[in-house]
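Novice: With the input below, show me the fold.
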Amino acid sequence: GSIAVLVIEGILVVIISLIIFGSKNFSDNMIDLQNFDIPFNFKGILYILFISFLVAGLVEENNKYFWIKYIEKDLVINSHVPIILLGIAAALGFSYFENIGYVTSYCQEDSSTSDCLILTISRIFISTPLHVLCAFIIAINFSRYKILQEPLSKYQILIPSILFHGLFDFALLLLAAAST
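Specialist: Numbering: from 1, shown residues only. All right, here's what the predicted structure looks like:
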């Protein structure tokens, strides 16, 4: 599941890049997210907006929701706690694969050890808690639906975490673009 999400995100990044920057000189305009080389102009900010909310927020939070819903259907649940634990487990599993992907793609032979260490530590102490917090939000809303029988749609369950994740990534990528 998490690997499929990463593949979907990669495809969406290319599609969004083609739409915003066009196919002419695509390789010249391709944003280097690996080195946070995002232009601080209208197209770059539009790109950051789409990447933050559509790719990261929507796709990743749907992945966590999928795993909570998929696993809970086979369990007898009469408390909020198991759903919250499922959410945290889904977040940690996804974060594990995403962090491995970031670190292995960034830390090549020409990368310094200190840069790789900084990236690894920032992924562990910033991105992983973000994923856990977003999954917690999903789990709380899902438990409201499942345990308290509140009539919530899938997107009423997901929108708070999508917005939170999107805003987090948008601020982080905007800061990176502004600092280059």
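Novice: Show me the residue at the heart of this protein, geometrically.
Specialist: Ala56 (3.5 Å; Cα atoms, centre = their mean).
Novice: leaving aside the residues next to it on the chain, what's closest to that residue?
Specialist: Asp169 (4.6 Å; Cβ to Cβ, 6 or more residues apart in numbering). Every residue, glycine included, has its C-beta placed from N, CA and C.
Novice: cool, and Leu58?
Specialist: Ile162 (5.6 Å).
Novice: need the contact list for that neighbour.
Specialist: By Cβ atoms under 8 Å, 6 or more residues apart in numbering, Ile162 lies in contact with 53, 57-58, 61.
Novice: okay, these in TSV with neighbour count, secondary structure and distance to Tyr70 next?
Specialist: Listed next are those as TSV, based on neighbours: other Cβ atoms under 10 Å; DSSP: H, G, I helix; E, B strand; the rest coil; distance: Cβ to Cβ, whole Å:
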residue	neighbour count	secondary structure	distance to Tyr70
Phe53	17	helix	24
Gly57	24	helix	20
Leu58	18	helix	18
Glu61	27	helix	15
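Novice: just those now: which is nearest Thr180?
Specialist: Phe53 (21.4 Å; Cβ to Cβ).
Novice: Phe170 is in contact with that closest one, correct?
Specialist: Yes. With contact defined as Cβ atoms under 8 Å, Phe53 reaches Phe170; the gap is 7.1 Å.
Novice: how about the contacts of Ile162, which pair is most distant?
Specialist: Across those, the longest distance by Cβ to Cβ is 10.3 Å; it joins Phe53 and Glu61.
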